[in-house]
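Undergrad: sequence and predicted structure, then a few things I'm wondering about:
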Amino acid sequence: MGQIMIGTNDTGRGNAEDATFNGICRVVNKVHSKLPHASILLVGILPSDIYNWHVAAAAYPDKKFKRDMAVNDRLARLYAKNPFVTFLDIRDVFLDGNGKVREELFCDPSVVVINGKKAGPLHPNTEGQRLMAEAIQPTLARLMKKHSKQESRGIFPFSLPE
């Protein structure tokens, strides 16, 4: 099982929505071409509020947030019925009832200092990672069960590791 985290650095550097979306799709397609029998779980870009960071988008963190969520919306539509990619948007885990980023779920506001200032939330802390794992677990279990059934029917030309 592997993990690739992509997207947020693109928009953080100020890349456009289309460029970020297309870059993610290229990575997904490359993984699928190398592992055609694998199910890919694509988790959406996590919400962030990158004020005080040293990247271009930190000047307008609301724009980055909206761009990230727009990329997620496009990915959800693209992969809605895709047989090898399951898109999972877990943004709600990291947002409060008003749609604002829950800073208490990120380590940056409490430990990262950039130019003498606390930085806005970008990297989930232990609690944020636990909540993220809980949000992903049901989908991951379903995908692993699907693979197990396919393997037992001889669909895969290889054995999955125990």
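TA: Here it is on my side, so go on. This one's a predicted model, so the numbers in the text were calculated from it and none came from an experiment.

Undergrad: what about the helices in this protein?
TA: Residue ranges of the helices in the chain, as given by DSSP state H, are 8-12, 17-34, 61-78, 108-111, 126-152.

Undergrad: so which of the ones you listed is the most packed in?
TA: helix 8-12 (a mean of 21; mean count of other C-beta atoms under 10 Å). In this view, the C-beta of every residue, glycine as well, is placed from N, C-alpha and C.

Undergrad: and that helix, C-alpha only, in CSV?
TA: Extracted C-alpha coordinates of helix 8-12, given in CSV (Å, rounded to 0.1, in the frame of the first residue of the first chain):
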residue,chain,number,x,y,z
THR,A,8,-1.7,21.5,-2.2
ASN,A,9,1.9,22.5,-3.0
ASP,A,10,0.8,23.3,-6.6
THR,A,11,-1.9,25.7,-5.4
GLY,A,12,0.3,27.0,-2.7
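
Undergrad: what comes into contact with that helix?
TA: By C-beta atoms under 8 Å, 6 or more residues apart in numbering, the surrounding residues in contact with helix 8-12 are 17, 19-20, 23, 45-46, 48, 50, 53, 55-58, 64, 67-68, 71, 122.

Undergrad: cool, and stretch 61-71?
TA: 7-8, 11-12, 16-17, 20-21, 24, 44-51, 57-58, 91, 101, 120.

Undergrad: likewise for stretch 77-93?
TA: Here stretch 77-93 has contacts from 25, 28, 32, 36, 38-44, 46-47, 69, 72, 75-76, 105, 128, 131-132, 135-136, 139, 143, using C-beta under 8 Å, 6+ apart.
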